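Asks: with the sequence up front, the predicted model follows.
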Amino acid sequence: QVQLVESGGGLVQPGGSLRLSCAASRFSLDYYAIGWFRQAPGKEREGVLCISSSDGSTYYADSVKGRFTISRDNAKNTVYLQMNSLKPEDTAVYYCATSTIVTMEMDEYDYWGQGTQVTVSS
């Protein structure tokens, strides 16, 4: 069974950093675009950023530009989300997902992880 597992979430103070990981088992991430999404309490899930499978091109939501970066380590079959200068409004459950195309459209994503909680609070 295809599985994606996110990790690295937790409680961090405003201005702090966290690195989330998205590890895949039973399939290779090499050929998939990977997206990170988040869902805050009472809000719809939204796209945060995504990275292509081919040339490493990335796309970011305006709300995280300059603060979040995405990278992939194909040897470890893992994708990372580095989050810096965190704000309280970044508090959400963060999910990674796979797609055959690089896009921020959630409907294009097939496999999803279970999510990891990120809480930004003093």
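Replies: Done, it's in.

Asks: bridging residues for the most centrally placed residue in the chain?
Replies: Residue closest to the mean C-alpha point of the chain, counted by CA atoms, centre = their mean, is residue 36 at 2.6 Å. With beta bridges defined as DSSP bridges, residue 36 has these partners: residue 49, residue 96.

Asks: and what of residue 72?
Replies: Once the bridges are assigned, which here means DSSP bridges, residue 72 pairs with residue 79.

Asks: mind listing what it touches?
Replies: Applying CB atoms under 8 Å, 6 or more residues apart in numbering, we find residue 72 in contact with 29, 34, 51, 56, 78-80. Yep, even glycine has a C-beta here, placed from its N, CA and C like the rest.

Asks: separation between it and residue 81?
Replies: Counting by CB to CB, to the nearest Å, the gap from residue 72 to residue 81 is 10 Å.

Asks: now, of the contacts of residue 72, which are buried?
Replies: Burial of the contacts of residue 72 was assessed by neighbour count (16 or more other CB atoms under 10 Å); the buried members are 29, 34, 51, 78-80.

Asks: can you map out the helices along this protein?
Replies: In the chain, no helices are found when defined by DSSP state H.

Asks: strands of that one, start to end?
Replies: With DSSP state E, the ranges of strands along the chain come out as 3-7, 10-12, 18-25, 33-39, 46-51, 58-60, 68-73, 78-83, 92-99, 109-112, 116-120.

Asks: what distance do you get for residue 88 to residue 78?
Replies: Counting by CB to CB, the gap between residue 88 and residue 78 amounts to 28 Å.
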